[in-house]
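Undergrad: give me the fold of what follows.
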Amino acid sequence: MQMEKKDIRALTKDQLRDFFVANGDKAFRGNQVYEWLWSKKAHKFEDMTNVSKQTREMLEANFVINHIEVDQMQRSEDGTVKNAVRLHDGLVVESVLIPTETRTTACVSSQVGCSLDCNFCATARLKRMRNLEPGEIYDQVAAIDSESRLYYNRPLSNIVFMGMGEPLMNYPNVMKAIDKITSPEGLGMSPKRITVSTSGVSKMIKKMADDEVKFKLAVSLHSAIEETRNQIMPFTKNFPLPELREALEYWYRKTKSKVTYEYVVWKGINDDKKSIDALVKFCKHVPCKVNLIEYNPIDDGEFQQASEESINAYIKALEANDIVVKVRRSRGKDIDAACGQLANKEV
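TA: Predicted structure coming up:
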């Protein structure tokens, strides 16, 4: 039985150099191939034009490049672009390009489906099938960077991990992807332009702080009342608010980086004064800002967009307590560009 070939992008540069030395070639050949894989974003070994045919055939015999393919691309009237991304094993994830006048943001997925059970989220209805590999995450960003240059004549400026999946449940691969994205040998993007959004996995927030990451942290909060939060996102029973608060305080002590709270206001769920007061109180624990997000209903069920009056009541209370608040309007409605639930927002 033939062994399955390894994705060459799982190798470090040193491992690539060692491979060539072990096969009677020069170590620098590993540098060349590494550059083709990451900086030049080669899809196939035959793309590596400054590498001999014999070397390319040797690579072909030993490895594969499990590159993504943009299976379907939709452009919204507001300029939002949604990619259906097909992986090497036939599974599909989504990524989204969100343009504004001054920047373009990539919203990328970290898992196929999701292991969490947020009741309001379309992705949560898909079981988690597997984690994405670092190269598959990187490829989504590279594809959106190309689309940004093509359609908006400027490189990608920001990345948010708010697509399918919970990034902190695929921590090692997400970190490796970010290393490649920020490396001068990769896309060379500043980590300060990257935001990782979590549903509140407390122990992993602490781990990120210990790892001294340089990117930004966002938390999908949606309620600062335990009972309501558990109703919206049942898995949060495993990550209660006092534990989350402690993790965020630890994050800020270690990183001095503000936290962003992603917060959808729903009619009859968290649009009352008690919910507003609880959020204001929670926001006082660490320096933060709040994004109030317009909701895109996924059906006619219990989760429906709250009234403008409710949104304004939140804004008034937060601003009265010197908490920065922004309202994020839904983007790409005509193409249903929901990468997860929150990706269709203006970032």
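Undergrad: only C-alpha atoms from now on, for both contacts and neighbour counts.
TA: Will do.
Undergrad: what sits up against stretch 142-150?
TA: Stretch 142-150 is contacted from outside by 41, 70, 96, 97, 104, 106, 154, 155, 156, 187, using CA atoms under 8 Å, 6 or more residues apart in numbering.
Undergrad: show me the helices in the protein, by range?
TA: 13-22, 28-37, 53-62, 134-152, 171-182, 202-210, 226-232, 241-255, 273-283, 308-320 (DSSP state H).
Undergrad: how far does stretch 201-214 sit from the chain's center?
TA: Computed by CA atoms, centre = their mean, to the nearest Å, the chain-centroid distance of stretch 201-214 equals 16 Å.
Undergrad: ugh, wrong one, I meant stretch 217-229
TA: How far stretch 217-229 lies from its chain's middle: 19 Å, per CA atoms, centre = their mean.
Undergrad: list the buried ones in that stretch?
TA: 217, 218, 219, 220, 221, 222, 223, 224, 225, 229 (16 or more other CA atoms under 10 Å).
Undergrad: beta partners of residue 290?
TA: Using DSSP bridges, the bridge partners assigned to residue 290 are residue 261, residue 325.
Undergrad: now the two most distant members of the buried residues of stretch 217-229.
TA: The span of the buried residues of stretch 217-229, defined through CA to CA, is set by 217 and 225 at 21.0 Å.
Undergrad: I figured residue 216 hits residue 195, correct?
TA: Yes: taking CA atoms under 8 Å as the definition, residue 216 is a contact partner of residue 195 at 4.5 Å.
Undergrad: residue 205: neighbour count?
TA: The number of residues packed near residue 205 is 20, by other CA atoms under 10 Å.
Undergrad: wait, it sits on residue 249?
TA: No: between residue 205 and residue 249 there is no contact under CA under 8 Å: 10.1 Å.
Undergrad: pipe the buried residues of stretch 217-229 into a markdown table and attach distance to residue 131 and pLDDT per row.
TA: Putting the buried residues of stretch 217-229 into a markdown table (distance: CA to CA, whole Å; pLDDT from 0 to 100) gives the following:
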| residue | distance to residue 131 | pLDDT |
| --- | --- | --- |
| 217 | 20 | 98 |
| 218 | 20 | 98 |
| 219 | 20 | 97 |
| 220 | 20 | 94 |
| 221 | 23 | 95 |
| 222 | 25 | 94 |
| 223 | 28 | 95 |
| 224 | 29 | 97 |
| 225 | 31 | 97 |
| 229 | 26 | 94 |
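Undergrad: dump the C-alpha coordinates for stretch 267-284 into CSV.
TA: Output in CSV follows, covering the C-alpha atoms of stretch 267-284 (Å, rounded to 0.1, in the frame of the first residue of the first chain):
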residue,chain,number,x,y,z
LYS,A,267,-34.8,41.5,20.7
GLY,A,268,-36.2,40.1,24.0
ILE,A,269,-32.9,38.4,25.0
ASN,A,270,-30.4,41.0,26.0
ASP,A,271,-32.0,44.3,25.1
ASP,A,272,-33.1,45.3,28.6
LYS,A,273,-31.6,47.6,31.2
LYS,A,274,-30.3,44.7,33.3
SER,A,275,-28.2,43.5,30.4
ILE,A,276,-26.9,47.0,29.7
ASP,A,277,-25.9,47.6,33.3
ALA,A,278,-24.2,44.1,33.4
LEU,A,279,-22.1,44.9,30.3
VAL,A,280,-21.0,48.3,31.6
LYS,A,281,-19.9,46.7,34.9
PHE,A,282,-18.0,43.9,33.1
CYS,A,283,-16.3,46.4,30.8
LYS,A,284,-14.8,48.2,33.9
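Undergrad: give me the below-cutoff pLDDT ranges for the stretch 101-250 of the chain.
TA: 114-128 (pLDDT under 70).
Undergrad: give me the neighbour count for residue 153.
TA: The tally of other residues near residue 153 (other CA under 10 Å) stands at 10.
Undergrad: and what of residue 6?
TA: Neighbourhood size, residue 6 [other CA under 10 Å]: 13.
Undergrad: list the residues that contact it.
TA: Contacts of residue 6 (CA under 8 Å, 6+ apart): 62, 63, 64.
Undergrad: nearest to residue 89 among those residues?
TA: Nearest to residue 89 out of the contacts of residue 6 is residue 64 (CA to CA; 12.6 Å).
Undergrad: the residue nearest to the closest one when sequence neighbours are not counted and residue 281, how far apart?
TA: Excluding the flanking residues, the one nearest residue 64 by CA to CA, 6 or more residues apart in numbering is residue 7, at 4.8 Å. The spacing between residue 7 and residue 281, counted by CA to CA, to the nearest Å, is 48 Å.
Undergrad: the residue positioned nearest the centre of the chain: what's its closest spatial neighbour, skipping adjacent residues?
TA: In the chain, the centroid-proximal residue (CA atoms, centre = their mean) is residue 161; its distance is 1.3 Å. Spatial nearest neighbour of residue 161, chain neighbours left out: residue 196 (4.8 Å); criterion: CA to CA, 6+ apart.
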